[in-house]
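J.: can't give you the sequence, but here's the structure:
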Ligand code: AMP
Ligand code: ZN
């Protein structure tokens with residue numbers, strides 16, 4: 001989607017560094033980290049949120065991407081979060097999985 005910030009990042013518009021990527025997703029650092037390590041796993045396809053997801057295999061691919069990323073970076077303990085809907089704190093309406101590790105901030 002042309003006005004989606006995460007689609008723009010995926011397309012390289014902001015020169016965002018990807019800490020990991022594969023055919024399904026890109027992974028980059030959250031700009032406003034809420035933990036010592038805070039990464040976002042973002043599917044290459046634009047899906048607004050879990051509520052709009054109709055590809056039952058995509059979530060498994062994204063979770064495998066979480067595993068591959070943490071393995072590559074040597075992150076052994078972490079939390080995964082998916083915010084769905086504005087009232088739950090979703091700010092960017094392009095599905096993504098947060099990876100949080102270390103001390104939480106705020
Ligand atoms: P959510 O609240 O689950 O929608 O998460 C969106 C996350 O995207 C927030 O933690 C923001 O800090 C993060 N974010 C927004 N814009 C950018 C950006 N340009 N680069 C990296 N992270 C971003
Ligand atoms: Zn998008």
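T.: Structure received. Computed from a predicted model, the values in this text were never measured in an experiment. Ligands and ions are numbered 1, 2, ... in the order given.
J.: which residues in this protein form strands?
T.: Counting by DSSP state E, one finds strands in the chain at the ranges 20-21, 25-29, 35-43, 79-81, 97-104.
J.: now for those strands, which one comes closest to ligand 2?
T.: For ligand 2, the closest of these is strand 35-43, at 8.0 Å, according to CB to the ion. Yep, even glycine has a C-beta here, placed from its N, CA and C like the rest.
J.: residues in this structure within reach of ligand 1, list them.
T.: Applying the criterion CB under 6 Å from any ligand atom, the portion of the chain that neighbours ligand 1 consists of 5, 30-32, 40, 83, 89-92.
J.: Neighbour-wise, which one of those residues leads?
T.: For those, neighbours were counted using other CB atoms under 10 Å, and residue 40 has the most, 20 neighbours in all.
J.: now the helices: where do they sit in the chain?
T.: In the chain, helices defined by DSSP state H lie at 5-10, 58-73, listed in chain order.
J.: buried stuff in the first one?
T.: Yep, that's helix 5-10 we're talking about. Going by neighbour count (16 or more other CB atoms under 10 Å), the buried part of helix 5-10 is 6-7, 9-10.
J.: thinking again about what came up before, between the residues of the chain next to ligand 1, which sits nearest residue 105?
T.: Minimum separation from residue 105 among these (CB to CB) is found for residue 32, which lies at 9.3 Å.
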